[in-house]
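Colleague: here's my sequence, what's the structure:
(one chain, ligands or ions: 1)
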Amino acid sequence: MSYYRFYFLVFVFLNLFCPELVAQTGSVSNEIVKDLTKEACDFLDDTNYEKSLEKSGIALQHAFNIKNDTLISRNYNIIAINFHELGELDKADFFYHKALSYAKRSNIVSLRMMITSNLGNLCFFERKLYRDGIAYYKESLKFGDNSKYAEEVAITNLNIVWSYFKIGNFKEGLPYLKYINKNQNDLKGKSNDIALNFLNGMYWSNENKNDKADKYFSKAISYGESIDEKTDLLYAYLEYSKFLNKIGKFEDAYKNMLSYNTIRDEMTNKEKLKRASIAGFNLELDEYKRQIDKIENEKDSQYQSLKKSRIIVILFVLISFILVFLIITLIKNIKFKKKHNLELLRAKEIAEEASMLKTQFISTISHELRTPLYGVVGITNMLLEEHKELSRSQHLSSLKFSARYLLSLVNDILQINKIEENKVVLENLTFNISDEITMIKNSLSFLSQKNNNTISVSIDPEIPEYLIGDKLRLAQILMNLVSNALKFTKDGEVEIIVKLNKIEGKMYYLDFLIKDNGVGIAIVDQGKIFEKFVQVGRKDEDYQGTGLGLSIVKRLLGLFGSTISLKSNIGEGTSFSFVIPFEHDPQKTKKIIDEIEVDLTSSDVYKILIVEDNLINQLVTKKIIEKNNYICKVVDDGFGALEILDKEDFDLILMDINMPLMNGFETTKRIRLKGIKTPIVALTAFDKDEITDEAISSGMSDIIIKPFEPVKLFKIISYLIHEAKSETSIKN
Ligand code: ADP
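Modeller: As a prediction, this is how the structure comes out:
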C-alpha cells in the first residue's frame, strides 16, 4: 500500500471545501449535513478512516435527502479519499467519478478542480499512469483562472511538482515549483508548507546543493511535527532519509526512516484498517441501496411513462382507426362519386341525346306543320280573292285566323328552340332605325285600330342615319313588345322611344322604351311573364297569344348581350326598356348597301319553272308568280325538271327541297351538270341556316323560306335574273 499524496487530499477538505460549505443556504438540514461533512473531513485528517467513512456515509445520505448536489459531491469525494488512503483504488476511482458527476451538476468550479486533481493523484501515484495523471492535473488547471481559484491552482501545481520529482523529471517540475515558491501565500495551510519545503529539499538535493536541501527538509519536518500532521510529515521523513543516505549521513537517515515507519505503522494499524474496511463495506452497502432505490425510482418513473405511453399508444391506435375509417370512407366516397359521376355522365349523355331528339322532333314537326299550314293560309287567301262574296264569311275568317295563329305558334316554337340550341347567330345588316320603326308601326296599324290606340314614335336625332346590326331580330323584339302593348291597351297610347345612351368607339348604345297606358301587369306576375307559355289574365274573347312572345324577346335580347327591364302597375300601363349597341361605320354601310341593291324598276316578263311535288303548294306559288305577270311552268319532281330543261329555257327555277325520288339539292346538282346556269332559288319550309351550306354546294343561288312574302320573292327573282343576264352580257 502506498500513501503518497494523502496530505493534499485531506487538505482539500479542510481548507477548501469546508469554508464553501458554510456558504451554503442556511436550512437546518443543510447545516447538519455540512457539520457532518466537516467532521468526516477532520477524521480523515486524523487518518481515522473508520469514523471518516461513517460520518461521510451519514452526511451523504442526508445530502441525497435534501438533494444538495454540492454536498453529495463533497461527501463522495471524502469517501473516495478514504478508499484512496486505504489503497482500495477501484473504489476510490468509482467514488471520485461519482463526486465529479455531482460536482458537474452543482457547477462549483473549485470542487471540480480538486476532484480532478485527486483523480490525477490516483492515476499518477497509485496506478503509475504518469501521463494520465499529469493530464488530470492539467485539466484541473483549465477549469479556473489563477486569480479566482488561486488556492486550487497552487495545490494542483504542488501535485504536478511532486509528480515530476517522483519520476526524477526535475526539469519539467521546476517551472511549477517556481510558481508555488512565488505564490506561497496561496497555499493556505501548514500541511502544504510541509510539502512545499520537502519538495524544495528534493530539488536542491538533486542539484547537489546539500546545505540548501537540508535546510528545506528540516523546515518541512519541524512544521509537520509542530502541527502533529501525519501524511505529509511521513513523506518528509522518507525523502529526508533518502537525502541523508545519499550524502552519507546514515545514522540520521536511519532515524528519519524510523520516524517514517512509526507513522506508517500507525496509519496501517491492522485493527484500524479492519474497522475502516467494515465502515467502507457498510458504506458500499449504502451505496448499493441507493443504487437499488435509484433503479426502483427509475422503474417507477418508467412505469409511469409506460402508463403514459400506453395511453398515447391507445390514443394513437384510436386516432389511426379513425383515420383509417375516414380514409376508407373517403375512398368509398370517391368510388361512389366516380360511379355517380359516370352515372351522371351517362344521364347527361342521355339527356343530351333526348334534348337533341326533342330539337329534331320539334324541328321536324314544325317543318311538317309549316308546309300544310302554308297551304291552308295560301288557299284561304286565294278563296277570299277569287270569291269576294266569301269575305264576310265568319267560317272563312275563322279559318284564316286559326291558320295564321297556328303558323305563328309553330314559328315561335321553332325560333325559341333555335335560340335555346344556340343556333341563332346575329347578322350584320345595315338599316335606318326610323325606317324600321315606321315599318313596324305600319304593319301593326291594324292592331292599333282594333283597340283604338295610337302609336307615337320618338327617335333621338343624335342617332346616326345608318346603323349596322341584326335589324330582323330587333324588329322581332319590337314587334312583340309593341303588339303586346297594343293588345293590352284600349283607347290608349303606345309610345316607341329610342334615345342615344352612349357612344363607345364605333358602337352606339341605343335606349329603347316601349310604353303603354293599358291594363298593366301585377307585381306578382312580373317575374313569370318571361317564362315560356305564360299568359296572365288571358281572356279568350279579346286576346289569343301563344305565351311565347316575351320569352323570345328575352332570349333575343340575350343574343345582343342585353336584358329587359319592366315597370308596370295594374291599371297604370306598362313600360319595357332595354339597351342594344349597334355599330356605326359609314364605309361598312356603303359596302353592305352596294351588295344588296336590286333593280326593282324592271317591268320585264320572266319565265319561271316551279319544281314542287305538293299540289297545294304548286297552286299557291303558281298563283303568286302569275299575279306578277310572269310566265310559269310547274313540274312535280326533279326528273320532270331535268326533262323540261332539255327542251325549254327559263329565266329562273323555284325548287322545292323535300321531294320524293330526287330532292331539290340533287336535282340542282344534275341541272348544273348539264351546264345550265339558270338561277335556282330553293323554296323550303326548312330554316334557312340549316340548309344554306348544302344549297350553295349543290349550286343553288338563293333560298326563300315558305310561307314567303310575295314582294320578297319578286325582289330576289328580279335581282337574280338581272345578275345572270348582266353576267352573260359581259361574256358576250
Ligand atoms: P302572349 O302575348 O302571347 O300571351 P307574351 O309572352 O308576349 O305572351 O306575354 C305574356 C303575358 O304578359 C301576356 O299574356 C300578358 O298577360 C302580359 N303582358 C305582356 N305585355 C303586356 C303589356 N304591354 N301590358 C299588359 N300585359 C302584358
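
Colleague: does stretch 394-407 come close to the ligand?
Modeller: No: Stretch 394-407 stays clear of the ligand (Cβ under 6 Å from any ligand atom), getting no nearer than 10.3 Å. Where C-beta positions appear, they are placed from N, C-alpha and C, glycine not excepted.

Colleague: which strand or helix spans the residue of the stretch 151-300 of the chain found nearest the ligand?
Modeller: Residue of the stretch 151-300 of the chain nearest the ligand, by Cβ to the nearest ligand atom: residue 300 (89.4 Å). Assigned by DSSP states H and E, residue 300 belongs to helix 270-386.

Colleague: list the buried ones in the following helix or strand past that helix?
Modeller: Once helix 270-386 ends, the next helix or strand along the chain (criterion: DSSP H and E) is helix 394-420. By 16 or more other Cβ atoms under 10 Å, the buried positions in helix 394-420 come out as 399-400, 403, 406-420.

Colleague: again, but for stretch 504-511
Modeller: Of all the residues in stretch 504-511, those buried under the rule 16+ other Cβ under 10 Å are 508, 510.

Colleague: run through who's touching it.
Modeller: Applying Cβ atoms under 8 Å, 6 or more residues apart in numbering, the contact partners of stretch 504-511 are 433, 460, 463-464, 467, 497-503, 577, 579-585.

Colleague: run the last query once more with 10 Å
Modeller: For stretch 504-511, contacts defined as Cβ atoms under 10 Å, 6 or more residues apart in numbering pick out 433, 459-460, 462-464, 467-469, 474, 497-503, 562, 577-585, 588.

Colleague: now residue 510, what's its secondary structure?
Modeller: Following DSSP: H, G, I helix; E, B strand; the rest coil, residue 510 is assigned to strand.

Colleague: what's the local residue count around the nearest residue to residue 196 once chain neighbours are set aside?
Modeller: Leaving out its chain neighbours, the residue that sits closest to residue 196 by Cβ to Cβ, 6 or more residues apart in numbering is residue 180, at 5.9 Å. As a burial measure, residue 180 scores 23 neighbours (other Cβ atoms under 10 Å).

Colleague: what about residue 180, which helix or strand?
Modeller: Here residue 180, judged by DSSP H and E, is contained in helix 170-182.

Colleague: for the following helix or strand past that helix, buried residues please.
Modeller: Next helix or strand after helix 170-182 toward the C-terminus (DSSP H and E): helix 190-206. Buried residues in helix 190-206, counted by 16+ other Cβ under 10 Å: 191-206.

Colleague: what's the spacing between helix 190-206 and its chain's center?
Modeller: 81 Å (Cα atoms, centre = their mean, to the nearest Å).

Colleague: export only the CA atoms of it, formatted as PDB.
Modeller: Extracted in PDB, the C-alpha atoms of helix 190-206 (Å, rounded to 0.1, in the frame of the first residue of the first chain):
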ATOM      1  CA  LYS A 190       0.900  24.400   7.100                       C
ATOM      2  CA  SER A 191       0.300  21.000   5.700                       C
ATOM      3  CA  ASN A 192       1.100  22.300   2.300                       C
ATOM      4  CA  ASP A 193       4.000  24.200   3.600                       C
ATOM      5  CA  ILE A 194       5.500  20.900   4.700                       C
ATOM      6  CA  ALA A 195       5.100  19.600   1.200                       C
ATOM      7  CA  LEU A 196       6.500  22.700  -0.400                       C
ATOM      8  CA  ASN A 197       9.500  22.600   1.800                       C
ATOM      9  CA  PHE A 198      10.400  19.000   1.300                       C
ATOM     10  CA  LEU A 199       9.800  19.400  -2.500                       C
ATOM     11  CA  ASN A 200      12.300  22.200  -2.400                       C
ATOM     12  CA  GLY A 201      14.600  19.900  -0.400                       C
ATOM     13  CA  MET A 202      14.200  17.200  -3.100                       C
ATOM     14  CA  TYR A 203      15.000  19.700  -5.800                       C
ATOM     15  CA  TRP A 204      18.200  21.000  -4.200                       C
ATOM     16  CA  SER A 205      19.200  17.500  -3.300                       C
ATOM     17  CA  ASN A 206      19.000  16.700  -7.000                       C
END
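
Colleague: quick one: residues contacting the nearest residue to residue 534 once chain neighbours are set aside.
Modeller: The shortest distance from residue 534 to any residue other than its chain neighbours is 5.0 Å, reached at residue 528 (Cβ to Cβ, 6+ apart). By Cβ under 10 Å, 6+ apart, the residues touching residue 528 are 521-522, 534-536, 550.

Colleague: please tell me how far residue 528 sits from the ligand.
Modeller: Computed with Cβ to the nearest ligand atom, to the nearest Å, the distance linking residue 528 and the ligand is 8 Å.

Colleague: next one: residue 72
Modeller: Applying Cβ to the nearest ligand atom, the value for residue 72 to the ligand is 102 Å.

Colleague: run a quick neighbour tally on the one residue in the stretch 251-400 of the chain that gets nearest to the ligand.
Modeller: For the stretch 251-400 of the chain and the ligand, the shortest gap (Cβ to the nearest ligand atom) falls at residue 366, measuring 17.3 Å. If you count neighbours by other Cβ under 10 Å, residue 366 ends up with 23.

Colleague: what does the one 4 residues further on give?
Modeller: The number of residues packed near residue 370 is 22, by other Cβ under 10 Å.

Colleague: tell me the pLDDT of it.
Modeller: Looking at residue 370, its pLDDT reads 73.

Colleague: looks like it contacts residue 685 (just checking).
Modeller: Yes: with contact defined as Cβ atoms under 10 Å, residue 370 counts as touching residue 685 (4.3 Å).

Colleague: how about the helices in the stretch 501-650 of the chain?
Modeller: Here the stretch 501-650 of the chain has its helices, by DSSP state H, counting those that start in this stretch, at 523-526, 549-559, 586-596, 615-627, 638-647.

Colleague: lowest average confidence across those, which one?
Modeller: helix 586-596 (a mean of 66).

Colleague: just to revisit the earlier point, residue contacts, the residue of the stretch 151-300 of the chain closest to the ligand?
Modeller: For residue 300, no residue meets the contact criterion (Cβ under 10 Å, 6+ apart).

Colleague: renumber starting at 79 from here on
Modeller: Sure thing, new numbering starts at 79, so read that last one as residue 378.

Colleague: and it, how close does it get to residue 763?
Modeller: Per Cβ to Cβ, to the nearest Å, residue 378 is found 101 Å from residue 763.

Colleague: repeat that for residue 391.
Modeller: Per Cβ to Cβ, residue 391 is found 82 Å from residue 763.

Colleague: between those two, which is the more surrounded one?
Modeller: residue 763 (23 against 11).

Colleague: surely that one meets residue 449?
Modeller: Yes: using Cβ under 10 Å, residue 763 is in contact with residue 449, at 4.7 Å.

Colleague: which neighbours do those two share?
Modeller: Counting by Cβ under 10 Å, 6+ apart, the common neighbours of residue 763 and residue 449 are 692, 695, 734, 736, 784-785.

Colleague: reformat those as JSON lines; add distance to residue 590 and neighbour count.
Modeller: What follows is these, written out as JSON lines (distance: Cβ to Cβ, whole Å; neighbours: other Cβ atoms under 10 Å):
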{"residue": "692", "distance to residue 590": "41", "neighbour count": "19"}
{"residue": "695", "distance to residue 590": "38", "neighbour count": "22"}
{"residue": "734", "distance to residue 590": "39", "neighbour count": "25"}
{"residue": "736", "distance to residue 590": "39", "neighbour count": "15"}
{"residue": "784", "distance to residue 590": "31", "neighbour count": "22"}
{"residue": "785", "distance to residue 590": "29", "neighbour count": "21"}
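
Colleague: could I get those residues as a markdown table with distance to the ligand?
Modeller: As requested, the shared contacts of residue 763 and residue 449 are exported to a markdown table (distance: Cβ to the nearest ligand atom, whole Å):
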| residue | distance to the ligand |
| --- | --- |
| 692 | 30 |
| 695 | 28 |
| 734 | 31 |
| 736 | 30 |
| 784 | 23 |
| 785 | 20 |
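
Colleague: farthest pair in those residues?
Modeller: Maximum pairwise distance in the shared contacts of residue 763 and residue 449, criterion Cβ to Cβ, is 15.0 Å, between 736 and 785.

Colleague: ok, now how distant is the closest residue to residue 610 other than its chain neighbours from residue 650?
Modeller: Closest residue in space to residue 610, ignoring its immediate chain neighbours: residue 629 at 4.8 Å, by Cβ to Cβ, 6+ apart. Here the criterion is Cβ to Cβ. By it, residue 629 lies 24 Å from residue 650.

Colleague: with that, I have no additional questions.
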